[in-house]
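Asker: Need a 3D model of the following:
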Amino acid sequence: MVTAKDRRLLAPRTFWCLVAGLLAPMAAIQFVTVSRESQTWDESRQLLSGYTYLISGHFTVAREHPPLLKLLWAVPVWFLHPSPPHDGEVRQAGLDFLYRNRVPADQMLMAGRCSAIAISILLGWTVAVWTRRHFGIPAALLAVFLYALDPNFLAHGRYIKNDVGAALTIFAATMAWGAYLVEPTRKRLWLSGLMVGLALATKSSALILWPVMLLLYWLRRWQQRRGLLDRECLRALGTVAAVAFLVIFLVYRCEFAPAGEQWAIFREWPATSWLGRIPIPAVGYFLGVGNIFGRQVGDAHAVGYLLGRQSPSGWWYMSLVALAVKTPLAELALFVFALKAATRRLRGIHLRNLDFRWYLLSVTPICYFAVSLISRSNVGERHLLPLLPFFFVVTGAVLTSAPVHKWRRIAIAAAGLLLIVETASIHPHYLAFFNALAGGPASGSEYLVDSNLDWGQDVKYLKAYLAGNGISDPYVLYYGLADLDYYGVPHRPLPNIRTVEAAEKINGVVAISATLLVTRGEFAGLKSLEPDARVGYSIYIYDLRKLSAQTDPPLRVETRRPRPPVAAQ
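Answerer: Numbering: from 1, shown residues only. Model (predicted):
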């Protein structure tokens with residue numbers, strides 16, 4: 001029996017107040033914490049790419065991914081009227097645009113990052129709208145709760161990168177296509193094409209939507225006991241493709257130009273060079289896709305790191321490790337409970353009669369995860385973010401579906417409290433989150449580095465640590481592109497430290513980024529020592545002055561080990 005209290009709780013106004021009560025603090029936390037961080041590795045380049053395209057109309061910088069989000073990041077920067085960027089090598093031009101401009105670097109970064117935060121809030125709102133419509137208010141609130149408190153989205157939703165944008169558009173495109181398959185109307189078909197186009201104009205990984213849509217179409221036809229492939233299928237997919245390409249064409253400002261020699265195939269096979277003179281609509285998009293494809297089949301553009309090893313070709317199980325160590329234990333537990341409950345219910349249901357919504361929630365993440373297992377460009381958690389909204393909705397839908405027994409309520413409440421504790425424990429260094437089973441953020445470099453831990457974001461924290469401890473002339477080896485001189489960080493080059501004996505000869509304080517510490521053999525001598533501090537968990541501090549003052553080598557190492565590492569705030 002539904003009481004008056006229950007009706008008030010289920011009122012739309014109450015629901016949206018609760019959603020706002022989750023997403024507004026998320027945005028506030030993202031804004032405050034990211035204002036204390038320096039640029040991550042690629043942000044200056046991405047900002048330069050979007051701003052150059054916005055003011056010139058020519059997309060010529062960082063073309064490997066489409067420009068839609070780059071334009072959104074650049075719009076608030078345009079209102080600051082910065083000095084126009086100059087030509088030159090892309091990385092250096094991005095740094096000059098950010099740090100040698102009449103507008104302060106932090107002001108431009110925050111302008112672009114505010115657009116990124118807005119995208120992350122829009123994703124939470126999208127999850128709330130779709131889940132409430134299809135599974136009810138309790139499921140939607142649980143899904144949004146998991147999203148808003150997830151440390152990975154709190155981290156990556158603040159940065160000028162397109163991973164959270166890809167999660168938003170892939171989720172929205174999947175659900176739009178599913179709405180058409182359930183009720184095929186012309187309006188829903190065009191909306192699906194629009195969503196797919198926005199996804200493809202956000203990140204090249206959205207290409208996974210094409211096999212996903214075909215598979216979902218087949219599943220729907222199979223449920224309806226109709227032919228799997230017919231003229232209707234070709235018409236629907238053709239319409240989606242046409243609308244999606246129109247969106248891409250508009251995002252690329254109706255670009256219509258030949259590919260020239262930018263495609264490697266024309267350089268390797270001169271007989272095909274005439275193809276490079278044929279004008280192609282939105283040629284920049286196809287060049288970007290070709291660039292991404294080249295990374296998968298050609299030489300790796302970077303050497304990967306996983307579990308203490310390096311490889312130019314990656315590991316098929318990297319996604320599994322990343323999810324295992326970077327996902328909060330509370331989320332893992334709830335998802336396992338949800339899978340267990342769903343499995344029990346499926347025993348009495350024929351798959352052909354299963355509600356189509358569950359196929360929408362499972363096909364996309366399964367296909368995306370399968371591709372991540374063979375991808376050579378997989379860098380860990382941020383490339384897996386498009387999976388998580390589907391996980392959150394599944395967890396909320398299964399665990400809140402009737403009947404909700406008392407033990408389930410207790411389990412949800414306990415997991416929710418645990419998630420709050422896990423997320424609060426890493427504040428404000430959300431990028432460095434590793435769960436307790438992995439040993440926490442202090443052990444993160446044993447599993448993953450780069451954008452999973454050390455993306456160059458902690459220069460401001462390093463400056464505060466050095467100033468607070470009276471360190472005026474440290475050795476610094478920094479993994480990132482933030483300008484140390486711009487932020488007033490004292491630094492001198494770090495010599496090779498291959499052994500502990502070499503470390504004994506260094507009479508000074510060493511600050512070294514975790515990524516370089518674990519991937520560069522010339523600093524192996526520091527690995528056997530316990531750091532005196534971890535600045536934001538990404539920069540390790542070694543005070544070698546005490547080590548060099550000792551005379552007995554065994555005592556030197558033994559004296560340092562009992563000192564517990566601390567994270568500088």
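Asker: thinking W218 is in contact with G227, fair?
Answerer: No. With contact defined as Cβ atoms under 8 Å, W218 does not reach G227; the gap is 9.9 Å. For the C-beta atoms, the positions are set from N, CA and C on the backbone; glycine is no exception.
Asker: Against R235, how distant is the residue nearest in space to the middle of the chain?
Answerer: The residue lying closest to the centre of the chain (Cα atoms, centre = their mean) is R382, at 2.9 Å. Going from R382 to R235 by Cβ to Cβ, to the nearest Å gives 37 Å.
Asker: Next: G468.
Answerer: 66 Å.
Asker: swap in L517?
Answerer: Using Cβ to Cβ, we find L517 at a distance of 57 Å from R235.
Asker: same check, this time on I426
Answerer: With Cβ to Cβ as the criterion, I426 and R235 are 50 Å apart.
Asker: And for A128?
Answerer: A128 sits 33 Å away from R235, going by Cβ to Cβ.
Asker: Comparing these two, which residue is more hemmed in?
Answerer: A128 (25 against 11; other Cβ atoms under 10 Å).
Asker: quick one: which helix or strand includes the more buried one?
Answerer: helix 105-135 (DSSP states H and E).
Asker: quick one: buried residues of that helix?
Answerer: Buried residues in helix 105-135, defined by neighbour count with 16 or more other Cβ atoms under 10 Å: 105-106, 108-117, 119-121, 123-124, 126-128, 130-132, 134-135.
Asker: got it, and stretch 307-318?
Answerer: For stretch 307-318, a neighbour-count test (16+ other Cβ under 10 Å) marks 314-315, 318 as buried.
Asker: for stretch 80-90, same thing?
Answerer: Buried-residue list, stretch 80-90, by 16+ other Cβ under 10 Å: 82, 85, 90.
Asker: give the contact list for the first one.
Answerer: It stands for P82. 51, 97, 101-103, 108 (Cβ atoms under 8 Å, 6 or more residues apart in numbering).
Asker: and these, which two are the farthest apart?
Answerer: Y51 and R102 (14.0 Å; Cβ to Cβ).
Asker: out of the two, which sits in the busier spot?
Answerer: Y51 (25 against 8).
Asker: The helix or strand where that one lies versus helix 105-135: what angle between them?
Answerer: Under the criterion of DSSP H and E, Y51 resides in helix 43-56. Using axes from the mean of the first three to the mean of the last three Cα atoms, to 10 degrees, the inter-axis angle of helix 43-56 relative to helix 105-135 is 90 degrees.
Asker: Touching helix 43-56 from outside, list them.
Answerer: By Cβ under 8 Å, 6+ apart, helix 43-56 touches 58-63, 67, 69-75, 77-78, 82, 84-85, 90-91, 93-95, 97-98, 108-109, 112, 159-162, 481.
Asker: number of nearby residues for the residue nearest to A338 when sequence neighbours are not counted?
Answerer: Nearest residue to A338 in three dimensions, chain neighbours excluded: V398, at 4.0 Å (Cβ to Cβ, 6 or more residues apart in numbering). Neighbour count for V398, taken as other Cβ under 10 Å: 24.
Asker: got it, and A411?
Answerer: A411, neighbours per other Cβ under 10 Å, totals 15.
Asker: which residues touch it?
Answerer: With Cβ under 8 Å, 6+ apart, A411 has these contacts: 333-334, 337, 399.
Asker: Repeat the analysis, applying 7 Å as the threshold.
Answerer: When contacts are counted by Cβ atoms under 7 Å, 6 or more residues apart in numbering, A411 touches F337.
Asker: Next one: it, what pLDDT does it get?
Answerer: On pLDDT, A411 comes in at 92.
Asker: element containing it?
Answerer: helix 406-426.
Asker: can you check L154 too?
Answerer: With DSSP H and E as criterion, L154 is part of helix 151-156.
Asker: Remind me what whichever helix or strand comes after that helix packs against, helices and strands.
Answerer: For helix 151-156, the following helix or strand on the C-terminal side (DSSP H and E) is helix 163-182. When contacts are defined as 3 or more Cβ pairs under 7 Å, 6 or more residues apart in numbering; DSSP states H and E, helix 163-182 sits against helix 105-135, helix 151-156, helix 186-200, helix 209-223, helix 356-374, helix 388-399.
Asker: May I have the third one as CSV, with CA atoms only?
Answerer: Output for helix 186-200, consisting of C-alpha atoms alone and laid out as CSV, is shown next (Å, rounded to 0.1, in the frame of the first residue of the first chain):
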residue,chain,number,x,y,z
ARG,A,186,10.6,8.6,-38.2
LYS,A,187,11.3,11.1,-35.4
ARG,A,188,13.0,8.5,-33.3
LEU,A,189,15.1,7.4,-36.3
TRP,A,190,16.3,10.9,-37.0
LEU,A,191,17.0,11.4,-33.3
SER,A,192,19.1,8.2,-33.3
GLY,A,193,21.1,9.5,-36.3
LEU,A,194,21.7,12.8,-34.5
MET,A,195,22.9,11.1,-31.3
VAL,A,196,25.2,8.8,-33.3
GLY,A,197,26.6,11.8,-35.2
LEU,A,198,27.3,13.6,-32.0
ALA,A,199,29.1,10.5,-30.6
LEU,A,200,31.2,10.1,-33.7
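Asker: Secondary structure of I512: a strand, I assume?
Answerer: Yes. According to DSSP: H, G, I helix; E, B strand; the rest coil, I512 belongs to a strand.
Asker: hang on, isn't it packed against Y540?
Answerer: Yes. Counting by Cβ atoms under 7 Å, Y540 is a contact partner of I512 at 5.5 Å.
Asker: any idea how far the residue nearest to A338 is from I208?
Answerer: Taken as Cβ to Cβ, the span from V398 to I208 is 24 Å.
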